[in-house]
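S.K.: Fold the stuff below for me.
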Amino acid sequence: MGARGVLDDIALVAQLTGLHAIVLIALALHFLRIPQCEAECAKLEECARRLRAMLQWPVPAGRDVATAMAAGALVEADGLVSSYLLSTLWCRFRTGRSMEARLRGMQDRVDCLCALVLCVHASLLTVCVRY
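M.R.: As a prediction, the model looks like this:
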């Protein structure tokens, strides 16, 4: 019994239980969203690593606000990543679209904070060079 036979059996069981092709397609689309969430989670981890590295740069005083904002965002990003990585397959299946949006939103927030930290560093270094 090859793959064709297995697919025939699955189709027969689906037909007997009342599942329609639309439902099967919707289920397949939910399962296809899981790799997209994993990719977004990996991107968020990379953005958080970049921000942590930027916060380690030696810069004169005056970056306290940016550091505090970045620290809060890093805690939230770590919590979101860990909650996704520790979730079960059923949880990932159930919250696929919303989790993908949350991961992407947090990634955008961390990227904006990276840009803010870069601007603060650049302005402080410019002020130090002038004087």
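
S.K.: buried ones in the host helix or strand of residue 123?
M.R.: Using DSSP states H and E, residue 123 maps to helix 96-130. By 16 or more other C-beta atoms under 10 Å, the buried positions in helix 96-130 come out as 96, 99-100, 102-103, 106-107, 109-110, 113-114, 116-117, 120-121. Every residue, glycine included, has its C-beta placed from N, CA and C.

S.K.: Kindly report the same for stretch 46-53.
M.R.: Applying 16+ other C-beta under 10 Å to stretch 46-53 flags 47, 48, 51 as buried.

S.K.: contacting residues around that stretch?
M.R.: For stretch 46-53, the external contacting residues (C-beta atoms under 8 Å, 6 or more residues apart in numbering) are 70, 73, 74, 77, 78, 81, 107, 110, 111, 113, 114, 117.

S.K.: and the buried residues of stretch 46-53 as JSON lines, adding distance to residue 126 and secondary structure?
M.R.: Written out in JSON lines, the entries for the buried residues of stretch 46-53 read as follows (distance: C-beta to C-beta, whole Å; DSSP: H, G, I helix; E, B strand; the rest coil):
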{"residue": "47", "distance to residue 126": "25", "secondary structure": "helix"}
{"residue": "48", "distance to residue 126": "27", "secondary structure": "helix"}
{"residue": "51", "distance to residue 126": "21", "secondary structure": "helix"}
